[in-house]
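Visitor: my questions are about this predicted structure, shown below with the sequence.
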Amino acid sequence: MFFPAIINGPSARSLGLVVKYCQLCSYGGCGRPLHCAQTALALKRHCRAQGTGASSVHWRAADCHTVNHGVSAGDSRRYVCTESEGVRVRFAPSPTGFLHLGGLRTALYNYIFAKKHRGSFVLRLEDTDQSRLVPGAAQSIEDMLEWAGIPPDESPRRGGAYGPYQQSQRLELYREAAQTLVSRGMAYRCFCSPQRLELLKKEALRSRQTPRYDNRCRHLRSDQVEEKLGRSQPHVIRFRLEEGVEPFEDVVFGWNRHEVAAVEGDPVIIKADGFPTYHLANVVDDHHMHISHVLRGTEWLISTSKHLLMYKAFGWQPPTFAHLPLLLNKDGSKLSKRQGDIFIEHFVAGGYLPESLLDIITNCGSGFTNNRPGRTLDELISEFDVTKITTHSALLDLDKLPDFNRIHLLQRIGDDGKCRSLVRDLQGHIEQVYGPQIEDKDVLHQEYIERILQLRKGHITYLQELVSPAYSYLWVRPTVSQGQLQQVSAEFNTILALVLELIQTVDFTPQALNLELKGLQQKTKSTKYSATMKLLRLALSGQQQGPSVAEMMISLGPKEVYHRLQRVLNC
């Protein structure tokens, strides 16, 4: 027969899940649940045969794969099971604030894990703390996920088969779950007043102990409970913690066990306002939403034993847990919302590309076969391996973000489809900054803007740089007087006339233009090459610094160069 157990030895840390196997030879399969009827049947047949010797498990997932995972006694490799019904993961932020880098990283790991295994990525808003909700935060969180290119498959906005996806709209489900626990003796009503709880806290602190509830209402008789309910006495519902917590294996942190009953009082699961606490709501939702894997921050690792006690009380199979190490500043200090610049909206306003943000927050951590700047989202998905995530915190150096952005902007410009998207974005920026000043609407044409992007790629860090004053000449004709040119060279008329003549025949390529421009010095009496270039740059852009004159001419095109030089000569 089968014995549910946890494989001992090196493979125990690697699996992070309970398995069922033959005790004679460790032949077995995943126990949450077995992948399909064929696998279960194969295991039964094997067990009847009572074979001996090490064996491997052949997973048979009819809808996705047939893989030999090689799970056997003594196997030291790390595995994560993905069931035949599909991987389902969730990102469950609280809209008590806007999405920040730490939250984006957690969402990203969930997203790429889901896409790696052709699963579903769920956004669930845990908005049960009504007093701390920030207006607009719920909508902004989903907006930022979409901006980052990691939109949820199911969410409050998109809907789905397991909605609603806001906990404030699932209150009846939590009440029913809590009542189930009460009826089973796994939870109880607590009538202790806030004043009594505050006194307990002060007394514990005075005694230099950790504050904890003393479980007083756990011992109320049923008639006492009914009497208090009859008087409509305010109350909460607490979960009854039991000693003897079973160890669990986290995919990242390995074996863990926290004897919560020994260090804390029975936790509240339904507050006096009828809203659930995180501990109840996340367990109930993960079960009813069929979440297969929970990838969340390491701060929840210590609470997992408590959550597993709840799964056991309900009689539900828990998901596989993988707790992600912290994302810290480069000096090892914690990212703080008070920093202000860790919110995703800050990076959007700053002109950063979503790819650069996804790249840098994964580049500084683990979980990938290769860590290198410039990775696309598709590459992150293909190179991701949850079993390669280490317990070490990731140190984020935001000083490197501009370099990452430059790399990804260069890649976007080199991709036809993404370049067209940049053109549309830049068109909007140009009209916003220079709209009324634009004389020639040709500067808004796709072909012209694409030419500018190709010439400036690798030189710019942000797309918005191209609408800065340094590049205004690309969109607005400058006003330059002959007096300004006279100060550079008394031969300005001759030089401009020569350039007007050469643009009629020269190819507008860097090599050809540079060759012809260098030859101008031989046709002037006293103006040096450097002064000639300064003169032409001023005439074309109204500026004394910028790209090479040849690049300026190529950017503007022969028609516009002729127009600008002729206008200076005629003024």
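Guide: Looks like it arrived, so ask away.
Visitor: okay, now the unreliable bits of this structure?
Guide: 1-85, 337-340 (pLDDT under 70).
Visitor: list the buried residues of the longest helix anywhere in the chain.
Guide: Secondary structure of the chain per DSSP state H: the longest helix is helix 416-434. For helix 416-434, burial by neighbour count (16 or more other CB atoms under 10 Å) applies to Lys418, Cys419, Leu422, Val423, Leu426, Ile430, Val433, Tyr434. (Glycine included, C-beta is placed from N, CA and C.)
Visitor: Leu308: which of these is nearest?
Guide: In terms of CB to CB, no member of the buried residues of helix 416-434 lies closer to Leu308 than Lys418, at 44.9 Å.
Visitor: from Leu145, how far off is the closest one?
Guide: 19 Å (CB to CB, to the nearest Å).
Visitor: what's the neighbour count on the residue nearest to Tyr213 when sequence neighbours are not counted?
Guide: Nearest non-adjacent residue to Tyr213, counting by CB to CB, 6 or more residues apart in numbering: Gly265, 2.9 Å away. Counted with other CB atoms under 10 Å, residues neighbouring Gly265 total 19.
Visitor: sec struct for Gly265, please.
Guide: Of the three states, Gly265 takes coil according to DSSP: H, G, I helix; E, B strand; the rest coil.
Visitor: tell me the spacing between it and Glu560.
Guide: Using CB to CB, we find Gly265 at a distance of 76 Å from Glu560.
Visitor: now Gly367
Guide: 50 Å.
Visitor: higher neighbour count, the two?
Guide: More crowded of Gly367 and Glu560, by other CB under 10 Å: Gly367, with 23 against 18.
Visitor: pretty sure that one contacts Lys388?
Guide: Yes. With contact defined as CB atoms under 8 Å, Gly367 reaches Lys388; the gap is 5.2 Å.
Visitor: distance to Phe253 added to the buried residues of helix 416-434, as TSV?
Guide: Output for those, formatted as TSV (distance: CB to CB, whole Å):
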residue	distance to Phe253
Lys418	38
Cys419	43
Leu422	42
Val423	47
Leu426	46
Ile430	51
Val433	50
Tyr434	54
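Visitor: now, among those, which is nearest to Val480?
Guide: Out of the buried residues of helix 416-434, the member with the shortest distance to Val480 (by CB to CB) is Tyr434, at 17.5 Å.
Visitor: which residues touch the closest one?
Guide: Residues near Tyr434 by CB atoms under 8 Å, 6 or more residues apart in numbering: Val467, Ser472, Trp475, Val476.
Visitor: mind redoing it with 6 Å?
Guide: Tyr434 makes contact with Trp475, Val476, according to CB atoms under 6 Å, 6 or more residues apart in numbering.
Visitor: ok, the one 3 residues further on next?
Guide: Residues counted as contacts of Gln437 (CB under 6 Å, 6+ apart) are Val476.
Visitor: and Tyr529, by the same measure?
Guide: Tyr529 touches Gln521, counting by CB under 6 Å, 6+ apart.
Visitor: one more time with 7 Å
Guide: Contacts for Tyr529 (CB atoms under 7 Å, 6 or more residues apart in numbering) come out as Lys518, Gln521.
Visitor: give me phi/psi at it?
Guide: Main-chain dihedrals, Tyr529, degrees, to the nearest 10: phi -60, psi -40.
Visitor: so who does the residue nearest to Leu565 when sequence neighbours are not counted touch?
Guide: Leaving aside its chain neighbours, Leu565 sits nearest to Leu496 (5.0 Å; criterion: CB to CB, 6+ apart). By CB under 7 Å, 6+ apart, the contact set of Leu496 is Ala539, Leu565, Val568, Leu569.
Visitor: now, of those, which are buried?
Guide: Ala539, Leu565, Val568.
Visitor: how much distance is there from the helix or strand hosting the residue nearest to Leu565 to the middle of the chain?
Guide: Per DSSP states H and E: Leu496 is located in helix 492-502. The chain centroid and the centroid of helix 492-502 are separated by 55 Å under CA atoms, centre = their mean, to the nearest Å.
Visitor: right, and the helix or strand after that helix?
Guide: Counting by DSSP H and E, the element after helix 492-502 in chain order, helix or strand, is helix 510-519.
Visitor: count of residues packed around Ala204?
Guide: Counted with other CB under 10 Å, Ala204 comes out at 14.
Visitor: wait, Val506 sits on Asn514?
Guide: No. Shown here, Val506 and Asn514 do not form a contact pair, counting by CB atoms under 7 Å, at 10.4 Å.
Visitor: right, and the helix or strand after the helix or strand harbouring Glu176?
Guide: According to DSSP H and E, Glu176 maps onto helix 171-183. Under the assignment DSSP H and E, the closest C-terminal helix or strand after helix 171-183 is strand 187-190.
Visitor: for that following strand, packing partners?
Guide: helix 171-183, strand 236-239 (3 or more CB pairs under 7 Å, 6 or more residues apart in numbering; DSSP states H and E).
Visitor: can you give the contact residues for it?
Guide: 178, 181-182, 217-218, 225, 235-240, 269.
Visitor: and it, how far out from the chain's middle?
Guide: Here the centre of strand 187-190 is set off from its chain's centre by 38 Å, with CA atoms, centre = their mean.
Visitor: next structured bit after that strand?
Guide: Past strand 187-190, the next helix or strand by DSSP H and E is helix 194-206.
Visitor: and that next one, what does it pack onto?
Guide: Secondary elements touching helix 194-206 (3+ CB pairs under 7 Å, 6+ apart): none.
Visitor: and for Phe191, the neighbour number?
Guide: For Phe191, the count of nearby residues is 18 (other CB under 10 Å).
Visitor: quickly note the distance from the closest residue to it other than its chain neighbours to Gly163.
Guide: With CB to CB, 6+ apart as the criterion, Phe191 has its nearest non-adjacent residue at 4.7 Å, and that residue is His235. Distance of His235 to Gly163, given as CB to CB: 30 Å.
Visitor: out of these two, which sits in the busier spot?
Guide: His235 (19 against 16).
Visitor: which ones are touching that one?
Guide: Counting by CB under 7 Å, 6+ apart, His235 touches Arg189, Cys190, Phe191, Ala272.
Visitor: please apply the same query to His288.
Guide: Tyr162, Leu173.
Visitor: Phe347 against Leu357, yeah?
Guide: Yes. Between Phe347 and Leu357 there is a contact under CB under 7 Å: 5.7 Å.
Visitor: helix, strand or coil for the residue located most distally from the centre of the chain?
Guide: Distance from the C-alpha centroid of the chain, by CA atoms, centre = their mean, peaks at Lys525 (62.8 Å). Here Lys525 is coil, with the state taken from three-state DSSP.
Visitor: that one touches Glu491, doesn't it?
Guide: Yes. Judged on CB under 7 Å, Lys525 makes contact with Glu491 at a distance of 6.5 Å.
Visitor: how many residues are close by the residue nearest to Val433 when sequence neighbours are not counted?
Guide: With CB to CB, 6+ apart as the criterion, Val433 has its nearest non-adjacent residue at 4.5 Å, and that residue is Val467. By other CB under 10 Å, 19 other residues sit near Val467.
Visitor: try Ser333
Guide: Residues near Ser333, counting by other CB under 10 Å, number 10.
Visitor: what do you get for Phe91?
Guide: Residues near Phe91, counting by other CB under 10 Å, number 26.
Visitor: which positions in stretch 501-519 come out as buried?
Guide: Neighbour counts over stretch 501-519 (16+ other CB under 10 Å) mark Leu502, Ile503, Val506, Leu513, Glu516, Leu517 as buried.
Visitor: ditto for stretch 480-493
Guide: Buried residues in stretch 480-493, defined by neighbour count with 16+ other CB under 10 Å: Val480, Gln484, Leu485, Val488, Ser489, Glu491, Phe492.
Visitor: put the alpha carbons of it into PDB.
Guide: Extracted in PDB, the C-alpha atoms of stretch 480-493 (Å, rounded to 0.1, in the frame of the first residue of the first chain):
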ATOM      1  CA  VAL A 480      19.900  82.500 -36.100                       C
ATOM      2  CA  SER A 481      21.100  86.000 -37.200                       C
ATOM      3  CA  GLN A 482      23.900  86.800 -39.500                       C
ATOM      4  CA  GLY A 483      25.500  88.700 -36.700                       C
ATOM      5  CA  GLN A 484      25.900  85.500 -34.700                       C
ATOM      6  CA  LEU A 485      27.500  83.800 -37.700                       C
ATOM      7  CA  GLN A 486      29.700  86.800 -38.300                       C
ATOM      8  CA  GLN A 487      31.200  86.300 -34.900                       C
ATOM      9  CA  VAL A 488      32.300  82.800 -35.800                       C
ATOM     10  CA  SER A 489      33.600  83.600 -39.300                       C
ATOM     11  CA  ALA A 490      33.600  86.600 -41.600                       C
ATOM     12  CA  GLU A 491      33.400  84.100 -44.500                       C
ATOM     13  CA  PHE A 492      30.000  82.700 -43.400                       C
ATOM     14  CA  ASN A 493      28.300  83.800 -46.600                       C
END
